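S.K.: show me the folded form of this:
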Amino acid sequence: MAKINTYPKIDIHTHVALPEVLALVKNVKIKGKEPGKQHWVPKSSMKGHAQQSVFPAATLSKPKARLKHMDKMGVDMQVITMNLPTPSYWADGETGQGIARQCNESIADFVASYPERYIGIGTVPLQDVTRSVKEMDYLANIGLKGVTIPSHIRAKDLGIKKFRKFWAKAEAMNMPVYIHPRGFTHDERLHEYFLWNSVGQPLEETLAMTSLIYEGIMDDFPKLKISVAHGGGYLPYYAGRTDKAYESRAETRTNISHRPSDYLSRFFYDTVVFDRDVLALLVKKAGDKQVMMGTDYPRGEIEEDPIGFVKKSKTLSRKSKDRIMGLNAAKMFKVKA
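M.R.: Model (predicted):
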């Protein structure tokens with residue numbers, strides 16, 4: 001008789017938009033059109049973005065409202081995150097920490113409603129690294145199991161020297177870090193046709209990963225657990241070009257001594273790629289222990305059948321599917337499998 005797999009099916013890519021946090025962000029005003037000041041959804045996409053989801057608005061803020069959808073999808077647990085709006089990162093450090101603190105406490109309360117169904121990860125005001133490091137201690141103390149950050153801070157790449165204390169703290173705490181972009185920093189050419197999302201966000205993820213690689217973060221902090229949304233953007237599938245540049249251009253080897261593709265197995269990824277051939281390539285490039293199931297629930301481009309998306313793959317082994325659907329996430333977030 002075949003062994004029955006009883007591990008929890010875990011969706012690592014879901015969002016909330018908590019009103020008490022949004023209320024604080026409304027008090028932060030930013031002016032100018034410098035890179036990094038763009039709001040997440042440009043005006044050209046506002047109407048379609050609001051109408052897109054098949055899930056009711058309550059799913060963004062009410063814990064109970066999500067449960068029936070999770071059950072229908074076959075998802076046992078969701079990882080709960082909130083992408084702070086762009087103005088949060090242009091606030092002064094004290095204000096930014098206040099927004100992050102409210103977000104962390106609200107997510108902890110959200111998770112506490114159904115702790116057997118939800119895993120919470122918090123956020124930090126990364127424009128102020130000192131305050132961020134302190135906030136990491138706080139969010140861990142209230143039971144959150146990781147931290148989410150955008151793909152840049154005020155158009156500054158994540159691998160630069162300014163953020164090294166953050167990465168050192170994340171490694172020291174063994175705290176998972178989840179990178180999720182908010183639009184694209186240079187989106188003047190991407191306003192139409194939803195390109196800011198379908199093309200721009202994968203570019204942001206690619207830039208975040210390459211910054212962490214080329215600036216030496218992945219070498220200097222080898223125990224980091226960094227997950228990247230949307231299957232890691234473009235890098236896992238086009239790393240051959242970065243490898244060729246590494247071989248031929250000395251400047252690419254300033255801080256690293258391995259090909260960029262050698263670092264792909266150091267990151268973690270979700271399955272929000274919408275193409276089983278792409279999923280199979282991701283597993284081939286990064287390894288089946290580095291990929292975890294995700295949906296992007298409940299807004300945006302959502303994988304509404306995450307279990308089926310993985311299970312119906314004709315190229316992945318049963319062991320790989322089990323790891324992707326829950327075992328990898330259970331290990332990362334210390335959930336009993």
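S.K.: for this structure, which helix is longest?
M.R.: For the chain, the helix with the greatest residue count under DSSP state H is helix 93-113.
S.K.: output that helix as PDB, nothing but the C-alphas.
M.R.: Extracted in PDB, the C-alpha atoms of helix 93-113 (Å, rounded to 0.1, in the frame of the first residue of the first chain):
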ATOM      1  CA  GLY A  93      13.100  56.300  10.600                       C
ATOM      2  CA  GLU A  94      10.900  56.900  13.700                       C
ATOM      3  CA  THR A  95       7.700  57.100  11.600                       C
ATOM      4  CA  GLY A  96       8.800  54.100   9.500                       C
ATOM      5  CA  GLN A  97       9.300  52.100  12.600                       C
ATOM      6  CA  GLY A  98       5.900  53.000  13.900                       C
ATOM      7  CA  ILE A  99       4.300  51.800  10.700                       C
ATOM      8  CA  ALA A 100       6.300  48.600  10.800                       C
ATOM      9  CA  ARG A 101       5.500  48.000  14.400                       C
ATOM     10  CA  GLN A 102       1.700  48.400  13.700                       C
ATOM     11  CA  CYS A 103       2.100  46.000  10.800                       C
ATOM     12  CA  ASN A 104       3.900  43.400  12.900                       C
ATOM     13  CA  GLU A 105       1.400  43.600  15.700                       C
ATOM     14  CA  SER A 106      -1.500  43.400  13.400                       C
ATOM     15  CA  ILE A 107      -0.200  40.400  11.500                       C
ATOM     16  CA  ALA A 108       0.500  38.700  14.900                       C
ATOM     17  CA  ASP A 109      -3.100  39.300  15.900                       C
ATOM     18  CA  PHE A 110      -4.300  38.000  12.500                       C
ATOM     19  CA  VAL A 111      -2.300  34.800  12.900                       C
ATOM     20  CA  ALA A 112      -3.400  34.300  16.500                       C
ATOM     21  CA  SER A 113      -7.100  34.000  15.300                       C
END
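S.K.: list of residues touching the next helix or strand after that helix?
M.R.: The element immediately downstream of helix 93-113 (helix or strand, assigned by DSSP states H and E) is strand 118-120. By Cβ atoms under 8 Å, 6 or more residues apart in numbering, the surrounding residues in contact with strand 118-120 are 10, 63, 77-80, 107-108, 110-111, 143-145, 333, 335. In short, each C-beta sits where N, CA and C put it, glycine included.
S.K.: tell me how far strand 118-120 lies from the chain's centre.
M.R.: Offset of strand 118-120 from its chain centre (Cα atoms, centre = their mean, to the nearest Å): 14 Å.
S.K.: quick one: strands adjacent to that strand?
M.R.: When pairing is defined by DSSP bridges, strand 118-120 lines up against strand 77-81 (parallel).
S.K.: what average pLDDT does the partner strand get?
M.R.: Average pLDDT, strand 77-81: 98.
S.K.: tell me the angle that strand makes with helix 93-113.
M.R.: If you take axes from the mean of the first three to the mean of the last three Cα atoms, to 10 degrees, strand 77-81 sits at 160 degrees to helix 93-113.
S.K.: contact partners of strand 77-81?
M.R.: 8-16, 66, 70, 107, 110-111, 116-121, 123, 146, 148, 178, 180, 297, 329, 333, 335.
S.K.: go with 6 Å
M.R.: For strand 77-81, contacts defined as Cβ atoms under 6 Å, 6 or more residues apart in numbering pick out 8, 10-12, 14-16, 107, 110, 117-121, 148.
S.K.: with just CA atoms, put that strand into PDB.
M.R.: C-alpha atoms of strand 77-81 as PDB (Å, rounded to 0.1, in the frame of the first residue of the first chain):
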ATOM      1  CA  MET A  77      -1.600  26.900   6.000                       C
ATOM      2  CA  GLN A  78      -0.900  30.300   4.500                       C
ATOM      3  CA  VAL A  79       2.200  32.500   5.200                       C
ATOM      4  CA  ILE A  80       0.700  36.000   5.900                       C
ATOM      5  CA  THR A  81       2.600  39.100   4.600                       C
END
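S.K.: centre of the chain to it, how far?
M.R.: Relative to the centre of its chain, strand 77-81 is centred 11 Å away, using Cα atoms, centre = their mean.
S.K.: can you confirm V54 is in a strand?
M.R.: No - membership of V54 in a strand is not supported by DSSP: H, G, I helix; E, B strand; the rest coil, which gives coil.
S.K.: can you name the element that comes right after the worst-scoring helix or strand of the chain on mean pLDDT?
M.R.: In the chain, no helix or strand scores lower on mean pLDDT, DSSP states H and E than helix 43-52, which sits at a mean of 64. Downstream of helix 43-52, the first helix or strand assigned by DSSP H and E is helix 63-73.
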